[in-house]
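1. Structure of the sequence below:
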Amino acid sequence: MAILPRPAHTAASIATTVSAAAGNVAHSLLYGGLADLRPMPRTLIDDGTRRELYHYRPATGTTAEGDPVLLVTPLAAPAICYDLRRGCSLVEHLVETNRPTYLVEYGEVNFADRSLGIEHWISHVVPEAIRSVSEHAGGRPVHVVGWSLGGIFTMLTAADSPDLPIASLAVLGSPCDVRQVPLIAPLRPLLNLPPGNLVTTAYQAFGGAPKPLVKWAFQLSSVDKMITKPVAKLSNLADREFLAQLEAVDRFGDNMIAYPGRTFGQLYHHFFRTNALFSGKIDLGTHTVHLRDVKQPTLVVAGANDGIGPVAAVRPLIDLLTGAGELRFEVVPGGHLGLLTGRAARDTTWPLLDQWFTRHD
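-> Numbers count the residues shown, from 1 in each chain. Modelled structure (predicted):
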């Protein structure tokens with residue numbers, strides 16, 4: 001453990017480490033934690049059914065530079081994924097680099113939303129948010145960033161509505177081949193058996209996937225980290241940044257949101273059972289959306305240690321986004337959340353996004 005003496009350590013370094021660990025523990029007990037969880041200031045500029053569009057206030061005395069960025073939240077995950085904590089917040093980074101920054105989130109999903117399907121987000125929520133951002137930013141085209149399911153919504157929206165004012169797409173940790181997802185792959189042969197119909201009955205009865213189930217699924221995706229977490233925490237008592245990040249990730253997991261019933265059913269049937277996205281298309285009932293119809297420059301990013309969107313599950317997008325004006329694939333350090341807002345993301349994912357936006361402004 002980092003707080004225990006090692007032969008190579010001097011008495012001074014050991015004393016410093018122990019002192020830092022004691023200080024972190026004391027601060028946590030007195031103030032309830034080490035992480036600065038203050039949200040970046042923002043203003044609600046538009047809303048609708050399960051759509052809240054926010055504009056992040058620019059830094060005082062600065063002038064916005066470049067085309068605006070819209071951050072698309074995935075279903076079930078809280079919007080704090082983009083604003084995890086001060087120092088590890090993509091929103092904070094974008095604002096500090098004077099990039100006009102916006103975010104669309106969906107509020108608390110409840111039983112009344114059980115009839116909303118994927119098409120609500122693809123045909124209404126995301127496209128209306130893009131148009132509103134463009135208008136608010138003076139008619140400029142929009143860089144659209146989607147993480148996880150938000151990335152899938154982003155691609156399908158661009159393919160479904162080719163007239164949208166989109167400058168570029170950035171798709172982060174979005175799996176398109178669930179056969180390569182360790183958590184799901186072993187279960188797929190069971191999903192077509194008769195008991196699988198219980199899933200349909202359950203989501204109709206409960207109006208979707210409840211928050212506790214969503215939280216459990218997220219935790220299960222990194223069960224190895226859950227098991228080793230106590231040891232890791234003790235081993236890093238002197239590392240203030242490590243402990244702060246741990247607190248912020250815990251808060252993220254505690255704020256999961258329920259899935260609407262019909263959307264959950266579509267995800268279950270189209271993604272888990274049939275792996276439809278791997279074919280490059282999704283049937284929305286009234287029409288089919290093809291990934292090949294994405295025309296905008298598209299950046300696809302995978303996390304080297306991502307358990308939900310592993311590299312092998314994300315990489316096939318290279319062969320599916322055949323119509324993209326420019327297509328770039330990158331692998332960065334981190335797990336599913338870490339690739340977006342982990343400590344390493346400050347030196348990997350964020351500069352990559354900065355370069356991409358500047359290239360396509």
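2. Cys81 and Phe252 touch, don't they?
-> Yes. Cys81 lies in contact with Phe252 (CB atoms under 8 Å); the separation is 6.5 Å. Where you see a C-beta, it was placed from the backbone N, CA and C, and this is true even at glycine.
3. quick one, strands of the stretch 51-200 of the chain?
-> Using DSSP state E, counting those that start in this stretch, the strands assigned to the stretch 51-200 of the chain run over residues 51-56, 69-72, 101-105, 142-147, 166-172.
4. okay, which residue is most central for the protein?
-> For the chain, the residue nearest the mean C-alpha position is Trp147 (3.5 Å; CA atoms, centre = their mean).
5. what sits in contact with each of Cys81 and Phe252?
-> Each of Leu337 lies in contact with both Cys81 and Phe252 under the rule CB atoms under 8 Å, 6 or more residues apart in numbering.
6. So between the two, which is more surrounded?
-> Cys81 (24 against 18; other CB atoms under 10 Å).
7. How about the contacts made by that one?
-> Counting by CB under 8 Å, 6+ apart, Cys81 touches 73-74, 147, 252, 337, 340-341.
8. at 10 Å what do you get?
-> Taking CB atoms under 10 Å, 6 or more residues apart in numbering as the contact definition, Cys81 lies against 71, 73-74, 89-91, 103, 105, 147-148, 150, 252, 255, 336-337, 340-341.
9. Mind checking which of those are buried?
-> Members of the contacts of Cys81 that pass the buried threshold by neighbour count (16 or more other CB atoms under 10 Å) are listed as 71, 73-74, 89-91, 103, 105, 147-148, 150, 252, 336-337, 340-341.
10. so where's the stretch 151-300 of the chain uncertain?
-> Across the stretch 151-300 of the chain, residues meeting the criterion (pLDDT under 70) sit at 184-238, 258-261.
11. can we see that at 90?
-> Judged by pLDDT under 90, the stretch 151-300 of the chain has its weakly predicted residues at 178-179, 181-247, 249-250, 252-274, 284-286.
12. For it, just list every one of the helices.
-> Shown for the stretch 151-300 of the chain, the helices assigned by DSSP state H, counting those that start in this stretch span residues 188-191, 197-206, 211-220, 223-235, 240-254, 261-266.
13. show me the contacts for Asp160.
-> Counting by CB under 10 Å, 6+ apart, Asp160 touches 119, 122-123, 126-127, 282, 284, 287-290, 293-294.
14. All the strands of the stretch 251-361 of the chain, in order from the start?
-> 259-260, 281-283, 288-290, 298-303, 327-332.
15. what's Ile130 in contact with, if anything?
-> For Ile130, the residues meeting the contact criterion (CB under 10 Å, 6+ apart) are 53, 68, 70, 72, 102, 104, 141-142, 144, 154, 157-158, 161, 164-166.
16. you'd agree the residue nearest to the centre of the chain is up against Ala345?
-> No. In terms of CB atoms under 10 Å, Trp147 does not count as a neighbour of Ala345; the distance is 11.1 Å.
17. tell me, what's touching the two both at once?
-> Shared contacts of Trp147 and Ala345, defined by CB under 10 Å, 6+ apart, are found at 90, 172, 337, 339.
18. I am finished for the moment; much appreciated.
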